[in-house]
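>>> fold the following, please.
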Amino acid sequence: MIINTNIGSSTAARFLGESTNALQKSLKRLSTGSKIASIADDTAGVAVASKFSAQVARLNAAGNNVGNMISFSQTQDGYLDQVASALERLSELAMLSTDETKETGDLELYGKEFVELKGLIEGIAGKDFNGTSLFTSNNLEVAVDNTSAGAAVKVALSGANLGASAYGTAIGQSITTNAAAATALGKIQAAISTLAADRAQVGANLSRLESEKNTISILRDNLSAARSRIVDLDVAEESANFAKQQILVQSGTAMLAQANILPQSALRLIG
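So this is what the prediction gives:
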């Protein structure tokens, strides 16, 4: 029995310190909801989780890009629908103007509405979406992802050309005579065919964009799940660990008190 060195007290104090540290770490995990209380807990996991977080952020941005392009294409289709209605009426007016029983005054009345509807189509051709022309022969690109080297993965979308060459001068200048109306009618029918092709292209663009949007969502969800498995805490499991550490701290405190009392027994030998 010795007095100067209390081995039992030192050992109990060491175990109590370890239990206290473990309890504090468990408390931090429960309060933050994160499995990694300190980067020292899982250095590699933190690195991988950071890459996942960055990729998820990029995918969120790509989803916004695709969403804007979907709105762009929907706006295109909305205007093209108005053009379709105008072309239908133009073809009707042209057909009426081929009637040789109509007087010149009648044809002029048809011609006034014809000119206004033609102006409507030409006005729609100049519309834009946030400064970007809605109707151009140029292809548009939207970034949907990136490669490992950092280069953007883009989807090219064919444009819908609503220029004067296809819809403006191509439908004729007037229908004030039977001959001019017959000429205009043929050009209007050609414009209607062009419109059908443009609307089909816009529809194809929308279908591709919706698929890209779904693909982005799937990848983002799976990456988020992978990151979650690394950093997110299982509260049930950690609660059990917290209770365990609490008991160890309490018992360690009690045993340290007992270890400090043991040297007092030496007094009985010299008393």
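
>>> okay, CA-based contacts and neighbour counts for the rest of this
Will do.

>>> this structure: strands as residue ranges?
Under the criterion DSSP state E, the chain contains strands at 128-129, 132-133, 140-146, 152-157.

>>> contacts for the first one, please.
Going back to what we said before, that points to strand 128-129. 72, 75, 134-135 (Cα atoms under 8 Å, 6 or more residues apart in numbering).

>>> go again with 6 Å.
Leu134 (Cα atoms under 6 Å, 6 or more residues apart in numbering).

>>> distance from that strand to the middle of the chain?
21 Å (Cα atoms, centre = their mean, to the nearest Å).

>>> strand partners (parallel or antiparallel) of it?
Partners of strand 128-129 in the sheet, by DSSP bridges, are strand 132-133 (antiparallel).

>>> now do the strand it pairs with: distance to the chain's middle.
Per Cα atoms, centre = their mean, the centroid offset for strand 132-133 relative to its chain is 22 Å.

>>> repeat for stretch 56-66
Taking mean C-alpha positions (Cα atoms, centre = their mean), stretch 56-66 and its chain are 4 Å apart.

>>> quick one: Ala44 and Val231, what's the gap?
11 Å (Cα to Cα, to the nearest Å).

>>> ok, the two, which is more surrounded?
A count of neighbours by other Cα atoms under 10 Å puts Val231 above the other of Ala44 and Val231, at 18 against 12.

>>> helices of the stretch 101-250 of the chain, residue ranges please.
104-124, 178-231, 235-261 (DSSP state H, counting those that start in this stretch).

>>> next, the angle helix 104-124 makes with the second one.
So the one you mean is helix 178-231. Using axes from the mean of the first three to the mean of the last three Cα atoms, to 10 degrees, one finds that helix 178-231 and helix 104-124 are set 20 degrees apart in direction.

>>> quick check: mean pLDDT of helix 178-231?
Across helix 178-231, the average pLDDT comes to 88.

>>> that one vs strand 140-146, what angle?
Angle, helix 178-231 to strand 140-146, by the same axes, to 10 degrees: 10 degrees.

>>> now for helix 178-231, which elements pack on it?
Using 3 or more Cα pairs under 6 Å, 6 or more residues apart in numbering; DSSP states H and E, the elements in contact with helix 178-231 are helix 43-97.

>>> what distance do you get for Leu140 to Ala62?
Applying Cα to Cα to Leu140 and Ala62 gives a distance of 15 Å.

>>> these two: which is more packed in?
Neighbour totals were compared for Leu140 and Ala62, and Ala62 leads with 23 against 14 (other Cα under 10 Å).

>>> find the nearest non-adjacent residue to the residue nearest to the spatial centre of the chain, please.
Most central in the chain under Cα atoms, centre = their mean is Gly63, positioned 2.1 Å from the mean C-alpha point. Using Cα to Cα, 6 or more residues apart in numbering and skipping residues adjacent in sequence, the residue nearest Gly63 is Lys213, 6.1 Å away.

>>> of the helices of the stretch 101-250 of the chain, give the one that comes closest to Ser10.
When the helices of the stretch 101-250 of the chain are compared by Cα to Cα, helix 235-261 sits nearest Ser10, at 8.3 Å.

>>> of the helices of the stretch 101-250 of the chain, which is nearest Val56?
helix 178-231 (5.6 Å).

>>> and the angle from that closest one to helix 43-97?
170 degrees.

>>> please shift the residue numbers so they start at 690 in all later answers.
Will do, 690 is the new start, and the previous item becomes helix 867-920.
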